[in-house]
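J.: would you be able to build a 3D model of this:
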Amino acid sequence: MVGVNELRPPSFPASPRDFLANWSISHGNLRRFLSNTALPPLGDDEQETAGRAAAAAAVEENYGISLESFHSGIESVSGSIEAAGALRVSPTDPGVPQDAGVAAFFDVDNTLIQGSSLIALAFGLARKRYFRLSELLPIAWKQLKFRLTGSENAEDMAAGRTQALEFIKGRSVAELTELCEEIVDRHMLHKAFPGTRDLAAMHLAAGQQVWLVTATPVQLAQILAQRFGFTGALGTVAEVKDGRFTGNLVGDILHGPGKKHAVAALAALEKLDLERCTAYSDSSNDIPMLSMVGTAVAINPDRALRRAAQKRGWIVRDYRNVRKAIRTYGIPGLATAGFSFLGWKLGRGALA
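T.: Below you'll find the predicted structure:
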């Protein structure tokens, strides 16, 4: 892992001009970042090939992914920017000194919020007659499996996203955004795990960025981030034309490797030192994202993630049952975990 200073322009090359031309980005910072770090325009095919090879090598060295994967991550980030109209959805607290280059990334389903955000959205869509009740039954079955097993099924997730894109095809963005606000306020905020919210609050109090990185639609994720005062949210982006959804996907579904690709793109844009960053998730599907940061924390982990966390020495926190947590860690242990992060920050500040 390289330090943040090594990622700053001009030492981090991007791909040549034609690679940038394919990106439709509404927010100037991302385009400026890529333009400032791109190689000079090349007219010769051989030089073009060499430029792509240099860019691919830089992306591989810094993030451990291919140039194509980084490109997909850029599309996801730029789509999230376009959905919100800005990269960040919440302002920083002017009274808190900022810890530049450091962020925490939180999964949503069963990490921050109990249950599945996609299911909450599906029921909301059904109430608004986006589809028939019979079409909701397969989604309800997937939610039941999720609740019973405590783990995600990759095939169910992919099928669910495809189905969701079809359900919103032709609908207006304003209509879905209004529905997402209703779903978050009525059906999601009260399901947040207090322990996970406390962790996010500690990062914010330390002047660090807090991002949601989730497979749920970006509109819902960004509203959730706004309500909690988080820095921003990256989510699955549905293509929009003339204010309506086309039924197509922009970039990756932010599930599994897709999250890693988006975090890599965000890290390049925000000049984040991933070695100093933290990631939180409940699912083994998010091991790619957890593995790219300096501190990985398994929250309410499924069996596969718990095994991986134990093998890799990652922190494990289980907030699904308060009594279970008290039995496992004890009240003093939970209190120590809560204050250790701030204590480290304050101690580092005293030494500075």
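J.: residue boundaries of the strands in the protein?
T.: All strands of the chain, identified by DSSP state E, fall at 103-106, 209-217, 232-241, 244-250, 278-281, 295-299, 315-317.
J.: mind checking which of those is nearest residue 289?
T.: Among these, the nearest to residue 289 by Cβ to Cβ is strand 278-281 (5.3 Å). From N, CA and C alone the C-beta is placed, and that goes for glycine too.
J.: send the alpha carbons of the closest one over as PDB?
T.: This file holds the C-alpha atoms of strand 278-281, laid out as PDB (Å, rounded to 0.1, in the frame of the first residue of the first chain):
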ATOM      1  CA  THR A 278     -11.300   1.700   7.900                       C
ATOM      2  CA  ALA A 279     -14.000  -0.500   6.300                       C
ATOM      3  CA  TYR A 280     -17.000  -2.100   7.900                       C
ATOM      4  CA  SER A 281     -19.200  -4.900   6.600                       C
END
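J.: same list (the strands of the chain) but as JSON lines, adding mean neighbour count.
T.: Formatted as JSON lines, the strands of the chain follow (neighbours: other Cβ atoms under 10 Å):
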{"stretch": "strand 103-106", "mean neighbour count": "26"}
{"stretch": "strand 209-217", "mean neighbour count": "27"}
{"stretch": "strand 232-241", "mean neighbour count": "23"}
{"stretch": "strand 244-250", "mean neighbour count": "17"}
{"stretch": "strand 278-281", "mean neighbour count": "27"}
{"stretch": "strand 295-299", "mean neighbour count": "23"}
{"stretch": "strand 315-317", "mean neighbour count": "17"}
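J.: among those strands, which is nearest residue 127?
T.: Of these, nearest to residue 127 by Cβ to Cβ is strand 209-217, at 16.4 Å.
J.: pick out the shakiest of the strands of the chain, pLDDT-wise.
T.: If you rank the strands of the chain by mean pLDDT, strand 244-250 sits at the bottom with a mean of 89.
J.: neighbours of residue 100, how many?
T.: Per other Cβ atoms under 10 Å, the neighbour tally for residue 100 reads 13.
J.: measure it to residue 208 for me?
T.: Applying Cβ to Cβ, to the nearest Å, the value for residue 100 to residue 208 is 9 Å.
J.: list the residues that contact both of the two?
T.: Residues touching both residue 100 and residue 208 (Cβ atoms under 8 Å, 6 or more residues apart in numbering): none.
J.: before we move on, back to that, would you turn the strands of the chain into CSV with distance to residue 120?
T.: Converted to CSV, the strands of the chain look like this (distance: least, Cβ to Cβ, whole Å):
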stretch, distance to residue 120
strand 103-106, 17
strand 209-217, 9
strand 232-241, 14
strand 244-250, 19
strand 278-281, 19
strand 295-299, 19
strand 315-317, 23
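J.: can you tell which of these is closest to residue 257?
T.: Checking these against residue 257 by Cβ to Cβ gives strand 209-217 as the closest, at 11.7 Å.
J.: who does that closest one touch, helix- and strand-wise?
T.: strand 103-106, helix 117-127, helix 154-168, helix 194-205, helix 218-228, strand 232-241, helix 257-270 (3 or more Cβ pairs under 8 Å, 6 or more residues apart in numbering; DSSP states H and E).
J.: as a markdown table, those with distance to residue 59 would be great.
T.: A markdown table is the format used below for the helices and strands packed on strand 209-217 (distance: least, Cβ to Cβ, whole Å):
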| stretch | distance to residue 59 |
| --- | --- |
| strand 103-106 | 19 |
| helix 117-127 | 30 |
| helix 154-168 | 25 |
| helix 194-205 | 27 |
| helix 218-228 | 23 |
| strand 232-241 | 18 |
| helix 257-270 | 8 |
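J.: quick one: the closest residue in space to residue 320 that isn't next to it in sequence and residue 319, what's the gap?
T.: Of all residues not flanking residue 320 in the chain, residue 300 sits nearest, at 5.0 Å (Cβ to Cβ, 6 or more residues apart in numbering). Residue 300 sits at a distance of 6 Å from residue 319 (criterion: Cβ to Cβ).
J.: can you check which residues contact both of the two?
T.: In contact with both residue 300 and residue 319: residue 193, using Cβ under 8 Å, 6+ apart.
J.: isn't the residue nearest to residue 320 up against residue 309?
T.: No - with contact defined as Cβ atoms under 8 Å, residue 300 does not count as touching residue 309 (11.6 Å).
J.: of the two, which one has the most company?
T.: Shown here are residue 300 and residue 309; by other Cβ under 10 Å, residue 300 has more neighbours (26 against 20).
J.: from residue 111, how far off is that one?
T.: Using Cβ to Cβ, one gets 7 Å for the distance from residue 300 to residue 111.
J.: check residue 78 too.
T.: Residue 78 is 25 Å from residue 111, by Cβ to Cβ.
J.: go on, residue 216?
T.: Taken as Cβ to Cβ, the spacing of residue 216 relative to residue 111 amounts to 12 Å.
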